[in-house]
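K.L.:
let me see the structure of the following:
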Amino acid sequence: MARLIQQINLYQPRFRREAKAFSLNTLLLILGLAVLVMAGIYGFGQWQLSELQRQMAALNGQHVELQKRVAQMRQLLPEPSVNQEFEQELARLQIERSSGYALLNMLEGRMTGNGQGFSGYFVGLARQSEPGIWLEAVDLNAAGNYFALKGKVINPELLPQFLQKLEQEPAFENKAFRVVRMLREDPAVDQVSFDLKTETVKQE
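P.N.:
This next block holds a predicted model:
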């Protein structure tokens with residue numbers, strides 16, 4: 001009795017394991033999650049920006065009120081006697097307001113250009129602002145390994161306290177300022193300029 005032999009071609013399409021493509025619902029779900037994450041990051045940045053704007057509005061109100069008080073004192077006191085305490089406070093608020101506007105403009109620009117990459121630094125600076133310290137310039141590169149701060153402080157002892165507070169911010173973890181310069185430009189003015197850098201030379 002003859003034996004029947006049947007050959008099976010395992011390379012036929014029905015025996016191949018076909019890769020399963022993502023379904024439309026899965027793709028929509030992934031896209032929706034990505035949009036939610038991006039919206040959350042943007043919303044957090046906007047909240048921090050509005051908080052800084054609120055602080056700036058309060059600072060402007062203090063500045064206007066102090067100007068009125070100085071004007072009233074000038075009318076009451078004979079020339080050239082002017083309350084030196086008010087004059088110093090007015091000068092301090094003017095510097096602080098200018099520093100706040102500079103920080104606000106930089107924050108708005110960074111959020112527009114590359115908010116996810118840079119907003120952490122500016123949010124940390126805004127959150128850990130210290131009375132008596134005014135920032136005049138902030139500089140950093142795209143890689144994030146170079147960071148520089150310039151500003152003024154009424155008491156040099158406030159600067160180490162400010163840096164310790166910055167270390168509590170996630171963006172400033174493991175950031176060490178290797179270049180520290182402090183200079184009293186005018187001995188008659190109770191202010192010290194400072195220049196802090198993580199690296200000597202900025203690399204783009």
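
K.L.:
point out where this protein drops to low pLDDT.
P.N.:
1-22, 77-118, 142-145, 200-204 (pLDDT under 70).

K.L.:
for it, just list every one of the helices.
P.N.:
Using DSSP state H, the helices of the chain run over 24-76, 84-127, 158-166.

K.L.:
what's the last one packed up against?
P.N.:
Just to be clear, that refers to helix 158-166. strand 133-140 (3 or more C-beta pairs under 8 Å, 6 or more residues apart in numbering; DSSP states H and E). The way it works is simple: take the backbone N, C-alpha and C, and place the C-beta from them, glycine included.

K.L.:
could you measure from A137 over to Q46?
P.N.:
Separation of A137 from Q46 (C-beta to C-beta, to the nearest Å) stands at 24 Å.

K.L.:
try V64
P.N.:
From V64 to Q46 the distance is 27 Å (C-beta to C-beta).

K.L.:
phi and psi next, for P187.
P.N.:
P187 adopts backbone torsions of phi -60, psi -20, taken as degrees, to the nearest 10.

K.L.:
count the neighbours of it for me.
P.N.:
By other C-beta atoms under 10 Å, the residues close to P187 number 6.

K.L.:
before we move on, what about the one 10 residues further on?
P.N.:
K197 is flanked by 18 other residues according to other C-beta under 10 Å.

K.L.:
ditto for V138
P.N.:
For V138, the tally of surrounding residues (other C-beta under 10 Å) stands at 19.

K.L.:
try K152
P.N.:
For K152, the neighbour count with other C-beta under 10 Å is 19.

K.L.:
list the contacts of it.
P.N.:
K152 sits next to 95, 133-134, 136, 191-194 when contact means C-beta atoms under 8 Å, 6 or more residues apart in numbering.

K.L.:
repeat that with 7 Å
P.N.:
Applying C-beta atoms under 7 Å, 6 or more residues apart in numbering to K152 gives the contacts 95, 134, 136, 191-193.

K.L.:
give me the neighbour count for G61.
P.N.:
10.
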